[in-house]
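> sequence? don't have it. structure:
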C-alpha cells in the first residue's frame, strides 16, 4: 500500500505499525522524532499499536537545537 | 511619531513597499523584539532587525565569543573573541543603526527571570540551542501571551514555526517534553553548516517583522523545514494538540519550571 511520508509517496507492506515504519525508514533515533499521522500528533505510547492504512500521511518531526547555548 | 528626513532616507526601501509604508516603518520603530541567544540564529536576526529599524531590541546571552563561533555567528568578529556576546552583538547593531535602543541581558534565562524579561517585548526570537531553554521559552511565552518564533538547526537541516500562544500550535503540542539523554546531538557534537544559521535566523527575523506589521501569513500551525543538501523546503501543517500538556484541554503544566539539560555524551550517542 502507499503512504505519504514526509511529503514523499512511499510503498510499504500492508499492516505495518508506526514503530515498524520508523525502522523501515531508517530513523536511527526514534526518541528524537515526533510522529504526525493525518494532521494529528500521535502519542509516543501509540506508536506500537497504530497500524498504518492506505493513503495515510505521516510526518516525522525531528528535535533540533542550534543557535546559542544560553542555558 | 513622525519620521525624520534621515529616517525616511534610511528606511526608503521599506517605505516604498505598499505593505509597509511610512506607517509600517513607524510601527517597527515603536516595536520591541527580544532575541534569546546571540549565537547562530540570533546573529542574523539581530543584524536584520536592527537594520530594519525595530525600535527596541533586547538580547539575552550569558556567553563570551569563542573562536569556534565565528564560522556561523556573523554578528561576532575575530577581534571579539573573549568579549561578552551581548556586548559584541550590541556594538554591531549600534554600528548598523544608531537610531534604535539595544538592551542587553548578560544572563541565562531561567524560570525565575524569564517572565520579567519577555513581558517587556512584543515578539520573542528563540535562538537557543538547547532543549530546556526552548521548552522554557515556549512555556513562558504561553503564560505571558507573548508570540515567538521557534527554530532549530542541525547539520544541513533547519526548521522554524511561529507560535501565537493559546491560539496556535505550540512547541509542546509537537514535542511533549525534552528528549531523553543521549538521544539528540547538539551542533557542537554533530556539526552544522554555518550558512544554515543565516538562512533560518533570517526567516525568524522575517516572521518578527511580519507579525509587527500585521502583514502576510505567519508560519503558525505550520513548521517550515529546510534541507540545505537537497534544497527541499517544506511547510508541514501541524494542528494544535488536544493532549498538549501546556495548551491542551487538560493542561498538566500550570507554572514555569526549569527542565533538566540533556546532552548526548558521544560515547553512548546513537547518532
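Yep, that arrived. From a predicted model like this one, the values you see are computed outputs, not experimental measurements.
> going forward, measure contacts and count neighbours with C-alpha atoms only.
OK.
> helices and strands of chain B: which one bottoms out on pLDDT?
Within chain B, no helix or strand scores below helix B:187-190, which has a mean of 69 by mean pLDDT, DSSP states H and E.
> counting contacts, what elements does the helix or strand that that helix is followed by pack onto?
Using DSSP states H and E, the helix or strand that follows helix B:187-190 towards the C-terminus is helix B:194-213. In this structure, helix B:194-213 packs against helix B:21-29, helix B:42-52, strand B:123-126, strand B:148-154, strand B:157-163, with contacts taken as 3 or more CA pairs under 8 Å, 6 or more residues apart in numbering or on different chains; DSSP states H and E.
> And the helices in the chain?
All of this refers to chain A. A:18-24 (DSSP state H).
> right idea, wrong chain: chain B
Going by DSSP H, chain B shows helices at B:5-10, B:12-15, B:21-29, B:42-52, B:85-96, B:114-118, B:131-144, B:171-174, B:187-190, B:194-213.
> I'd like the ones you listed as CSV, with mean neighbour count appended.
Compiled in CSV, the helices of chain B are given as follows (neighbours: other CA atoms under 10 Å in any protein chain shown):
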stretch, mean neighbour count
helix B:5-10, 13
helix B:12-15, 16
helix B:21-29, 20
helix B:42-52, 25
helix B:85-96, 21
helix B:114-118, 17
helix B:131-144, 23
helix B:171-174, 23
helix B:187-190, 16
helix B:194-213, 22
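> Going by mean pLDDT, which of these comes out lowest?
Mean pLDDT is lowest for helix B:187-190 out of these, coming in at a mean of 69.
> quick one: the closest residue to residue B:29 other than its chain neighbours from chain A, how far?
For residue B:29, ignoring the flanking residues on the chain, the nearest one in space by CA to CA, 6 or more residues apart in numbering or on different chains is residue B:55 at 3.9 Å. Remark: distance between residue B:55 and chain A (CA to the nearest CA, to the nearest Å) = 23 Å.
> Contact partners for residue B:55?
Applying CA atoms under 8 Å, 6 or more residues apart in numbering or on different chains, we find residue B:55 in contact with B:28-32, B:99-101.
> go on, residue B:162?
By CA under 8 Å, 6+ apart, the neighbours of residue B:162 are B:147-150, B:207, B:218-222.
> Pairing-wise in the sheet, spell out the partners of the nearest residue to it once chain neighbours are set aside.
Spatial nearest neighbour of residue B:162, chain neighbours left out: residue B:149 (4.4 Å); criterion: CA to CA, 6+ apart. For residue B:149, the beta-bridge partners under DSSP bridges are residue B:125, residue B:162.
> what's the neighbour count on residue B:149?
27 (other CA atoms under 10 Å in any protein chain shown).
> hmm, back to that, among the contacts of residue B:55, name the buried ones.
B:28-29, B:31-32, B:99-101 (16 or more other CA atoms under 10 Å in any protein chain shown).
> from those residues, which ones fall inside strands?
B:32, B:101 (DSSP state E).
> Pass me the low-pLDDT residue ranges in chain A, would you?
A:66-71 (pLDDT under 70).
> Repeat the analysis, applying 50 as the threshold.
By pLDDT under 50, the weakly predicted segments of chain A are A:69-71.
> Please tabulate the helices and strands packed on helix B:194-213 in TSV and include distance to residue B:112 as additional columns.
Formatted as TSV, the helices and strands packed on helix B:194-213 follow (distance: least, CA to CA, whole Å):
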stretch	distance to residue B:112
helix B:21-29	29
helix B:42-52	22
strand B:123-126	17
strand B:148-154	19
strand B:157-163	22
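> So residue B:238 sits against residue A:40, correct?
Yes: the pair residue B:238 / residue A:40 is scored as a contact, 7.1 Å apart, by CA atoms under 8 Å.
> sorry, back to before: among the contacts of residue B:55, which one lies nearest to chain A?
residue B:32 (20.6 Å; CA to the nearest CA).
> need the contact list for the closest one.
Contacts of residue B:32 by CA under 8 Å, 6+ apart are B:54-58, B:120-123.
> Going through these, which ones are buried?
By 16+ other CA under 10 Å, the contacts of residue B:32 give B:54-58, B:121-123 as buried.
> Next, format these as JSON lines and append pLDDT.
Converted to JSON lines, the buried ones among the contacts of residue B:32 look like this (pLDDT from 0 to 100):
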{"residue": "B:54", "pLDDT": "98"}
{"residue": "B:55", "pLDDT": "98"}
{"residue": "B:56", "pLDDT": "98"}
{"residue": "B:57", "pLDDT": "98"}
{"residue": "B:58", "pLDDT": "98"}
{"residue": "B:121", "pLDDT": "98"}
{"residue": "B:122", "pLDDT": "98"}
{"residue": "B:123", "pLDDT": "98"}
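> With that, I have no additional questions.
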